[in-house]
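Chemist: model this:
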Amino acid sequence: MRVTQLRQADLNLLVVFSVLAEERNVSRAAKRLLLSQPAVSRALQRMRETFHDDLLVRTAKGYEPTPQGERVLRELEIMLPKLDRLISGSTFDPVTEHCSFRIAATDNATSIIAPVLCRGVLPMARQVRFTFASWRGDAFEDLTHGRLDLALIGDEGHVPSPLLTEVIYEEELVCIVAADAPYQRQLTLKQYLAAEHIGVDVSEGTQHIPEKRLAAYGHRRRTVITLPYFGAATRCVPGTPLILTAPRRFAKAEAENRKIKVLKAPAELTGFKYLMIWHPRVNTDAAHAWLRGEIRKIGKVISS
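Modeler: Residues are numbered from 1 along each chain as shown. Below is the predicted model of the structure:
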């Protein structure tokens with residue numbers, strides 16, 4: 001084994017570089033690393049000397065990696081978690097080990113999964129902390145660069161490679177209308193298209209799944225208002241002729257509201273699969289495997 005260069009290297013510099021490359025900002029990186037800003041700057045300079053390359057260059061938007069910096073970062077994304085687990089051990093005990101997970105999820109997934117997690121997982125995972133963030137258009141990029149650990153969203157067929165996915169449950173679409181709306185148990189497509197709708201900004205300003213289902217038949221619905229949350233959208237329904245298209249499990253949780261009623265959606269609005277998504281670099285990490293296992297269990301609970 002050739003370790004001449006490794007003997008001369010400070011592996012702590014790799015951690016500093018990885019965090020700085022993620023944050024693209026010295027002060028934010030220093031805060032995460034619990035170091036001073038000058039210490040982070042000195043570490044970057046030593047990395048530059050080690051690799052004979054600028055690695056990160058300052059721009060108007062913050063630090064940007066050079067081609068060599070990109071290559072180093074790609075290798076570190078795979079190597080650092082393995083080294084960390086090699087040193088700390090190959091198992092994860094949520095009762096005794098401190099760990100934090102950052103999860104991006106849609107409004108629907110958060111409202112369905114987080115309550116089960118709080119009641120079923122947190123009581124025994126005393127040292128684990130979860131942070132749920134609202135879904136953003138750059139969630140996949142954040143997974144790639146380690147700013148997120150897991151993402152939860154409906155399968156829309158656009159998860160980029162090399163991210164990994166697993167179905168945690170299957171979902172149906174239903175229609176929430178005012179309690180006195182003239183509709184019966186199931187809306188026809190003609191009724192659905194004739195009505196005005198409340199949309200929910202699930203991702204990038206639109207509610208992709210019902211829109212895609214309609215587009216497959218050459219149709220579009222008339223959305224007169226778009227809101228960021230299903231809960232807020234539900235509260236807008238009473239006293240109006242508007243239709244809110246929502247996942248069945250979310251609607252089930254709202255069913256006690258006597259000002260609304262839940263109807264079957266037109267047959268053309270078929271269901272979808274809900275996914276958890278992660279990066280392959282953490283696939284064998286014991287802590288991340290535990291997290292995926294708990295989300296998998298929650299999927300089974302809410303599917304039963």
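Chemist: isn't E156 right up against Q207?
Modeler: No - using C-beta atoms under 8 Å, E156 is not in contact with Q207, being 10.6 Å away. C-beta coordinates here come from the backbone N, C-alpha and C atoms, glycine included.
Chemist: higher neighbour count, these two?
Modeler: The neighbour count for E156 versus Q207, taken as other C-beta atoms under 10 Å, is higher for Q207 (24 against 14).
Chemist: so what's R129 up against?
Modeler: If you count contacts by C-beta atoms under 8 Å, 6 or more residues apart in numbering, R129 has them with C99, S100, F101.
Chemist: secondary structure class for it?
Modeler: strand (DSSP: H, G, I helix; E, B strand; the rest coil).
Chemist: from E97, how far out is it?
Modeler: 12 Å (C-beta to C-beta, to the nearest Å).
Chemist: show me where this structure has helices.
Modeler: Using DSSP state H, the helices of the chain run over residues 4-8, 11-23, 26-33, 37-51, 67-88, 107-120, 139-144, 189-194, 208-215, 230-236, 248-253, 286-303.
Chemist: let me have those helices in a markdown table, extended by mean neighbour count.
Modeler: Formatted as a markdown table, those follow (neighbours: other C-beta atoms under 10 Å):
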| stretch | mean neighbour count |
| --- | --- |
| helix 4-8 | 7 |
| helix 11-23 | 19 |
| helix 26-33 | 17 |
| helix 37-51 | 16 |
| helix 67-88 | 14 |
| helix 107-120 | 18 |
| helix 139-144 | 19 |
| helix 189-194 | 15 |
| helix 208-215 | 18 |
| helix 230-236 | 18 |
| helix 248-253 | 18 |
| helix 286-303 | 18 |
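Chemist: in TSV: the ones you listed, plus distance to A181 and mean pLDDT.
Modeler: Below are these laid out as TSV (distance: least, C-beta to C-beta, whole Å; pLDDT from 0 to 100):
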stretch	distance to A181	mean pLDDT
helix 4-8	70	55
helix 11-23	49	86
helix 26-33	50	90
helix 37-51	59	90
helix 67-88	51	77
helix 107-120	22	92
helix 139-144	35	91
helix 189-194	10	97
helix 208-215	18	93
helix 230-236	14	94
helix 248-253	14	90
helix 286-303	28	93
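Chemist: I'd like these as a markdown table, with distance to L150 appended.
Modeler: What follows is the helices of the chain, written out as a markdown table (distance: least, C-beta to C-beta, whole Å):
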| stretch | distance to L150 |
| --- | --- |
| helix 4-8 | 32 |
| helix 11-23 | 16 |
| helix 26-33 | 19 |
| helix 37-51 | 28 |
| helix 67-88 | 14 |
| helix 107-120 | 11 |
| helix 139-144 | 8 |
| helix 189-194 | 34 |
| helix 208-215 | 20 |
| helix 230-236 | 21 |
| helix 248-253 | 19 |
| helix 286-303 | 6 |
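Chemist: which ChimeraX command selects the buried ones in the contacts of R129?
Modeler: Per 16 or more other C-beta atoms under 10 Å, the buried members of these correspond to this ChimeraX selection:
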select :99,101
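Chemist: restricted to strands, list the contacts of R129.
Modeler: C99, S100, F101 (DSSP state E).
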